[in-house]
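Colleague: A structural model of the following input is requested.
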Amino acid sequence: MMWISFLILIPSLKTVGDYFFTHGEYKKAVEIYNRAYREKPSPELKLKIGLSLYRLGITALKKDNFNEALSQFKLGGNKYGIGFVNYKVGNKENAKKVFHDLNDFYALGVISYQENEFKEALQYFKLANSPYGMGISFYRLGAYKEALDYFKKANDNFLAAECCYKLKKFNEAESYYQKALQETNWTRDALYGLAWTHYKLGKFSLSAQEFKKFITQYPKDPLIPISLYYTARTLLKIGDLQSAIKHFKTLINEYPGSEFIDDSYYWMGKAYFIQSDYTACIKQLNFLLSNYPNSNLRSYAYLLIGDVYYKQNDYNSAINWYKKVKGPSDILDDARFKLEKCYFGLGEYSSSLDILHNFIHKYPKSPRSPKFGLELAQYWVKQNNFQKAIESYNNVIYNFSWSSLVDEAKLGLADCYFRIGKYDAAIETYRELFNTSLGMKAQFSLANTYFLLAEYDRAIHEYEILINEFQNSDFAKDAQYQIGLSYERLEKPREARLAFQKFIEKYQKDPNYWDAELKLSKTYRDEGLIDEYLEALLHVEAKGEGKPKQEATFLLGSLYFDKEDYKTAKEFYLKAASQYEDIDSKSKSFIYAARCAVALGKKDEAIELYKAVLSLLPNPALEEEAKKGIKQLGE
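Modeller: This next block holds a predicted model:
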């Protein structure tokens, strides 16, 4: 019986194979499984042989032994492994063929993506129904809007943030980066992206904090130099000049080979300039000019050194530095303008207007010349010298026809024509602007012109065009209010009421809201609807604000006065007097309250009210009326 029990203790070949498999000895496992399969074939043993060969292939891959891996995958009939090895050794066509046979579109997409064939990759990822794959393909194709949709589907917050950043949707990017910060695999990149997003949003304090945090958490990161630079730039923007200088110096000392070194010297100079430390400013800028002959900030440095001397009233030195500026065009124009200011400082010009005149004359092709031409025209408008203003506007229109400011000059010209009574010329010029970027403003100005000319029907027509074509604009809102005023002037209370009602319904937060409510109430009065008039006035008086509320209080006094309810009328007049701030309105309210007192037989109270008027020192007419009232009452 002993031999039977001994045989029971001998493990089967399959069990021995399992032992070697679980201990990672896959080669021995294959040998044992094969022996077992030859003795007694089974699907389970065949699967275990395949798995062992697959593991041998994977082990060989990890050691970059691609021939061995390929051999094992072939023995195991593992087509995916064969395809992967072919891809790794550069036989991409063979790899593609294998994956095509397997209908593995995701793998085909990955291969195409790695070969920078992004359109092809996109097609494969679509077949594989992979939102992430489609997202990265669209991203690499520059189709950020489409990529964003797929990253949202894939719940990839970081790449969604990257798309939003590329699309300049910085508020959305901010939200996605903040979510990605909670995901450990994207913490570094999300923090860096968030710092840049806040920089773009103008949230410089937050941006500086995040760049600092990035520097602290990832001190060996290759992005540290640029992070130091933009930490300093953001600190400079929020006025923390000492901290900005400290970070610029850290960048210069610790990363002397950085591409931002010359920029750092310039911005350090700028920080010292803002602090009025002109010696330190010039020291930084001179170092930049001496050591970085190819820096694109050289002209900016010339300009800033010129500014230092200009601040010190050393106009000749400033002129020498401004003359060194060669470009780009924005600072070249700045230098030219400051040259003119230096000449003025040296007494070469009799008026500051000469700076603008001379600049325009010397640099007719400068983008700044039409702007200065407009400034000249606007100066003459403020001086009420409309003929001079017209000359300046025409100079811009005819001599700078290439400028985007020509339309603005035409608008100013039309306003001047109106001011000097050339109404036809003003109207014609406004109409010329209808198809330009200033068309909406010109349409409104044209309507206002007709309104001021008392051509109210034509004004209404132009206001209505404006409302129909630009219904969501502020001009449409103002036009609706002006239509109500126009009907009021035409003495058409019903139409005026409808216009004001439209305004009230649509623009409840507009400053003219309560004024419109008051004017609406007056339309009831003009139609003889006294009950409705009373109700509307009480509404404005109770809920209104400012001048309309005060006016409603006074009008309620007048309404009750007409009804011969002198007691109630007097109460409203006195309330109006307490609300009005201007002396004449306050005095007028006291006079009407005194009249109520007279009607009520309260002579002494009436006299006191008239005396209150005299104590306010109102205009002569009201003062005379108060004196007359006192005299009539026998005092």
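
Colleague: hey, where'd the helices end up in the stretch 301-450 of the chain?
Modeller: 315-322, 329-345, 353-362, 368-382, 386-399, 406-419, 423-432, 439-452 (DSSP state H, counting those that start in this stretch).

Colleague: Relative to Lys168, which of the ones you listed is closest?
Modeller: helix 329-345 (22.0 Å; Cβ to Cβ). To be clear about C-beta, it is placed using only N, CA and C from the backbone, and glycine gets the same treatment.

Colleague: now that closest one and helix 353-362, what's the angle there?
Modeller: Using axes from the mean of the first three to the mean of the last three Cα atoms, to 10 degrees, the direction of helix 329-345 lies 130 degrees away from that of helix 353-362.

Colleague: Can we start the residue count at 13 from this point?
Modeller: Got it, first residue is 13 now, which makes that one helix 341-357.

Colleague: can you list the residues that contact helix 341-357?
Modeller: For helix 341-357, contacts defined as Cβ atoms under 8 Å, 6 or more residues apart in numbering pick out 311-312, 314-315, 318-319, 322, 325, 327-328, 330-331, 334-335, 337-338, 361, 364, 366-367, 370-371, 374-375, 378-380.

Colleague: Now list the buried members of the residues you listed.
Modeller: Buried subset of the contacts of helix 341-357 (neighbour count, 16 or more other Cβ atoms under 10 Å): 311-312, 314-315, 318-319, 322, 327, 330-331, 334, 337, 361, 367, 370-371, 375, 378, 380.

Colleague: Name all residues that make contact with the nearest residue to Leu388 once chain neighbours are set aside.
Modeller: Leaving out its chain neighbours, the residue that sits closest to Leu388 by Cβ to Cβ, 6 or more residues apart in numbering is Ser404, at 4.5 Å. Residues near Ser404 by Cβ under 8 Å, 6+ apart: Gly385, Leu386, Leu388, Ala389, Trp392.

Colleague: related to what we said a few turns ago, of all the helices of the stretch 313-462 of the chain, which lies closest to Phe216?
Modeller: Nearest to Phe216, of all the helices of the stretch 313-462 of the chain, is helix 341-357, at 22.1 Å by Cβ to Cβ.

Colleague: buried sites along that closest one?
Modeller: Of all the residues in helix 341-357, those buried under the rule 16+ other Cβ under 10 Å are 343-357.

Colleague: the inter-axis angle of that helix versus helix 380-394?
Modeller: 50 degrees.

Colleague: Report the mean per-residue pLDDT for helix 341-357.
Modeller: Here helix 341-357 scores 91 as its mean pLDDT.

Colleague: And for stretch 497-510?
Modeller: Stretch 497-510 comes out with an average pLDDT of 96.

Colleague: hmm, who's touching that stretch?
Modeller: Contacting residues not belonging to stretch 497-510 are listed as 463, 466, 468-469, 471-472, 475, 496, 511, 531-532, 534-536, 538-539 [Cβ under 8 Å, 6+ apart].

Colleague: Could you do stretch 531-541 as well?
Modeller: Stretch 531-541 has contacts (Cβ under 8 Å, 6+ apart) with 496-497, 500, 503, 505-506, 508-509, 512-513, 516, 542, 544-545, 548-549, 551-552, 564, 567.

Colleague: likewise stretch 171-180?
Modeller: Stretch 171-180 has contacts (Cβ under 8 Å, 6+ apart) with 147-148, 151, 156-157, 159-160, 163-164, 182, 184-185, 187-189, 191-192, 202, 205, 208-209, 212.

Colleague: residue contacts, the spatially closest residue to Gly121 that is not a sequence neighbour?
Modeller: In this structure, Gly121 finds its nearest non-sequential neighbour in Tyr136, 3.5 Å apart by Cβ to Cβ, 6+ apart. For Tyr136, the residues meeting the contact criterion (Cβ under 8 Å, 6+ apart) are Phe117, Tyr118, Leu120, Gly121, Ser124, Gly145.

Colleague: For Val552, give its distance to Lys232.
Modeller: 70 Å (Cβ to Cβ, to the nearest Å).

Colleague: what about the stretch 463-612 of the chain, any weak spots by pLDDT?
Modeller: In the predicted model, the stretch 463-612 of the chain carries no residue with pLDDT under 70.
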